[in-house]
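Novice: what shape does this take:
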Amino acid sequence: MTTIIKKISANKNNTPLSEQQTVQKNISLDLVDLSPDNYRIYFCPVALNELATDMTLHGMISPVTVRPMPTGRYELVVGERRIRAARIATLEIIPAVIKELTDEQAEEMRLSENLQRENPHPMDEANRIGKMQREGKTIAQIAERLSKSKTFIYARLKLSALILPLQELFFAEKLSLSEAMEIAALAPSSQEEIFERHCIDWQEENFTTHSFKYIIGRYKYDLSDAPFDVQDSQLIPQAGACSTCPFNSATLISLFPEMAEDAICTNKACYHSKCLTATKNEVLQVVENFAPLAIIYSGSLSEENQIIVDSLDQTAGLPQYSTCEVMVLPPPTMPDQQDYTDEDDGESFDQIGYDLAMQEYNEDLSAFNERTASGEFSKGLYFHSFGAIAVLFTERHSNTKQAPQKATAKQVQEAIKQGTQTTELLQGEVSRLHTRENRAKQIDREKVQLNLHQHFCDATSTVEISNPANSADLAAARLLVYQSLKYEAKSRIDKSLLVDENLTRITDPEKVYQKLASLTESEYALMIRLAVCGQGESKIPTNISGIALYQLAVESSLDVQQIENKQAKIAKQRMKKLKPRLKDLETRIKRMDAQNKHKEAA
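Specialist: Residues are numbered from 1 along each chain as shown. Here you go, the predicted structure:
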């Protein structure tokens, strides 16, 4: 039976909702299509099933609101939760109120119905307000339309940035409102990382978020402490300057006033990328101007810095030393004029103090340059917590006494002429002559080596690849693997394999070579695996080092299958959640395509 409640006026597009023609009747559930414009995206599965169970017993009590479409079907306006429950309950006929509505009127009715609920969920409000803003409405217009304060609109806009998986947690009351708003301020990539690392098992009973405040804090960075120029728009051109970035809280005063007191970056990936790029630029500058002979670090060299070192031809093969092993002499720091300006008025400048500081700096710089030229110290590239700088360094020597200065040949000859020579003086001259001859022999050997190196390289570049590897080739391969080891791995090999029968470490180069050449296949394999593990790129599956490490793991006793199965299980769970979302989106797309074709045909 059909009941007409109101009559429609002549011009339905301008007819107020209260005067629209309204018909109530029972219709087939199969004829009802969900609206692609409904901003509400989450419906609690438990509550839906409970409602479906009730409908199985009593049917749908409250009618839904639909509008007729030119195709003869109906588009849902209000009551999506009831429609979803009815489908679960496999109802065939449902009660519906049918209204002739324009798109704008249908949208207004959805908004009115949802906002008039007793306790609308903050996430539903946020999604609707975000949609209104994307449609071109200003903050003032949204506030007036919803009869809400601008502060309320700002807060909900902030919340609308929450990614869909975390919205589900919020709807399921696994996140508090304050936690949801904190996370929503982060970049989408950071939100995704938080979900994958800390929330993937949120549907389990023992899931808890008590440490979220600490977790979220690890994705925020104070830009006043950034190790790069936040005004530099060319550091990473596609990212631009931090001073105008939407993920800098100091730029959000128009959107989130409460966050604008401090400059806090909420885009972890971009911040780390800028830190890495700035450090790499510093390294390139030091390499170009200083030509360092070693890498120096305090504590340990970070994974990011190791990747930079390995990626540059000028630094990849350099030895690496901890500050515990060498004495570091950093270059002097130029005085900053800002340090000599009165903080109270910002104008008074201590010229005398600044001039004295500059004089001291120039003296220290001159001494630093003299030491650089003298060869007393070696040049190094020092990685510290805020980047990389050029330094001078020398090996630390403990409990060593300075050797007495020996007399020169001229002094010895004068002493002999004057008859003042002593046994100690003559023995010193004998020692000096032996030292000189030993050095001359060493130079002879170096010249032979240089000549041999030239001839061998020339022969290698012209000879075709035909001869198989000989024992010297195989020994050289082991040497190259040994030299590629990082400091800790090399120390392990030195202590365990490069020792004599008394377990004393071998340091003589020829004996080290012989020891490497005589390593067993198992010992050599260990050295290879340590070398591959030491490559930062071996953590990247698409890098050749990563592929090599994977194959080594497969060929070893490591249970690779178990690791892959564990990750595959996580991926399967993720796909299980993704499929219904994709199906729903595909259904909406098909429906909209059909509607568009119908409009074009009309």
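Novice: tell me where the stretch 51-200 of the chain has strands.
Specialist: 64-68, 74-78, 93-99 (DSSP state E, counting those that start in this stretch).
Novice: mind giving me the packing neighbours of the second one?
Specialist: Yep, that's strand 74-78 we're talking about. Counting by 3 or more CB pairs under 8 Å, 6 or more residues apart in numbering; DSSP states H and E, the packing neighbours recorded for strand 74-78 are strand 32-33, strand 64-68, strand 93-99, helix 103-115. In short, each C-beta sits where N, CA and C put it, glycine included.
Novice: of these, which shows the lowest average pLDDT?
Specialist: Out of these, helix 103-115 stands lowest, with a mean of 72 (criterion: mean pLDDT).
Novice: now the helices for the stretch 201-350 of the chain?
Specialist: 212-217, 268-290, 303-311 (DSSP state H, counting those that start in this stretch).
Novice: with distance to residue 474 and mean pLDDT as extra columns, can I get these in TSV?
Specialist: Below are the helices of the stretch 201-350 of the chain laid out as TSV (distance: least, CB to CB, whole Å; pLDDT from 0 to 100):
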stretch	distance to residue 474	mean pLDDT
helix 212-217	51	80
helix 268-290	34	88
helix 303-311	25	86
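Novice: between the ones you listed, which one is nearest to residue 328?
Specialist: Within the helices of the stretch 201-350 of the chain, the stretch nearest residue 328 is helix 268-290; the backing value is 14.0 Å (CB to CB).
Novice: now the closest one against helix 303-311, angle please.
Specialist: 40 degrees (axes from the mean of the first three to the mean of the last three CA atoms, to 10 degrees).
Novice: okay, buried residues for helix 268-290 please.
Specialist: Residues of helix 268-290 classed as buried by neighbour count (16 or more other CB atoms under 10 Å): 268, 270-271, 274-280, 282-283, 286-287, 290.
Novice: re earlier: can you lay out the helices of the stretch 201-350 of the chain as TSV showing distance to residue 72?
Specialist: TSV is the format used below for the helices of the stretch 201-350 of the chain (distance: least, CB to CB, whole Å):
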stretch	distance to residue 72
helix 212-217	50
helix 268-290	50
helix 303-311	62
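Novice: of these, which is nearest residue 153?
Specialist: Nearest of the helices of the stretch 201-350 of the chain (CB to CB): helix 212-217, 23.4 Å.
Novice: how about the helices of the stretch 1-150 of the chain, start to end?
Specialist: Along the stretch 1-150 of the chain, the segments classed as helices by DSSP H, counting those that start in this stretch run 45-58, 80-88, 103-115, 122-134, 139-146, 150-159.
Novice: and the ones you listed, which one averages the lowest pLDDT?
Specialist: In terms of mean pLDDT, the lowest-scoring of the helices of the stretch 1-150 of the chain is helix 103-115 (a mean of 72).
Novice: return the residues in contact with residue 499.
Specialist: Each residue near residue 499 by CB atoms under 8 Å, 6 or more residues apart in numbering is listed here: 505-506.
Novice: now with 10 Å, please.
Specialist: 505-506, 515 (CB atoms under 10 Å, 6 or more residues apart in numbering).
Novice: tell me how far it lies from residue 518.
Specialist: To residue 518, residue 499 is 13 Å away according to CB to CB, to the nearest Å.
Novice: returning to what we had before: in CSV: the helices and strands packed on strand 74-78, plus distance to residue 174 and mean neighbour count.
Specialist: Listed next are these as CSV, based on distance: least, CB to CB, whole Å; neighbours: other CB atoms under 10 Å:
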stretch, distance to residue 174, mean neighbour count
strand 32-33, 32, 20
strand 64-68, 30, 21
strand 93-99, 32, 20
helix 103-115, 22, 16
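Novice: make JSON lines from these and add distance to residue 206 to it.
Specialist: What follows is the helices and strands packed on strand 74-78, written out as JSON lines (distance: least, CB to CB, whole Å):
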{"stretch": "strand 32-33", "distance to residue 206": "40"}
{"stretch": "strand 64-68", "distance to residue 206": "38"}
{"stretch": "strand 93-99", "distance to residue 206": "39"}
{"stretch": "helix 103-115", "distance to residue 206": "33"}
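Novice: can you get me a residue count around the closest residue to residue 319 other than its chain neighbours?
Specialist: Nearest non-adjacent residue to residue 319, counting by CB to CB, 6 or more residues apart in numbering: residue 294, 4.9 Å away. Neighbour count of residue 294, defined by other CB atoms under 10 Å: 17.
Novice: and for the one 3 residues further on?
Specialist: Neighbours of residue 297 under the rule other CB under 10 Å: 21.
Novice: over to residue 365?
Specialist: Neighbour count of residue 365, defined by other CB under 10 Å: 14.
Novice: which elements pack onto the one helix or strand residue 563 maps to?
Specialist: Using DSSP states H and E, residue 563 maps to helix 560-601. Helices and strands touching helix 560-601, by 3 or more CB pairs under 10 Å, 6 or more residues apart in numbering; DSSP states H and E, are strand 32-33, helix 164-171, helix 544-555.
Novice: so which of these is nearest residue 305?
Specialist: Of the helices and strands packed on helix 560-601, nearest to residue 305 by CB to CB is helix 544-555, at 16.9 Å.
Novice: residues of that closest one that come out buried?
Specialist: Buried, per 16+ other CB under 10 Å, within helix 544-555: 545-546, 548-549, 552.
Novice: tell me the one of those nearest residue 107?
Specialist: For these, the minimum distance to residue 107 (CB to CB) is 50.4 Å, reached by residue 546.
Novice: how far away is the closest residue to that closest one other than its chain neighbours from residue 83?
Specialist: Distances taken as CB to CB, 6+ apart place residue 540 nearest to residue 546, at 4.6 Å, with adjacent residues excluded. As judged by CB to CB, residue 540 and residue 83 stand 47 Å apart.
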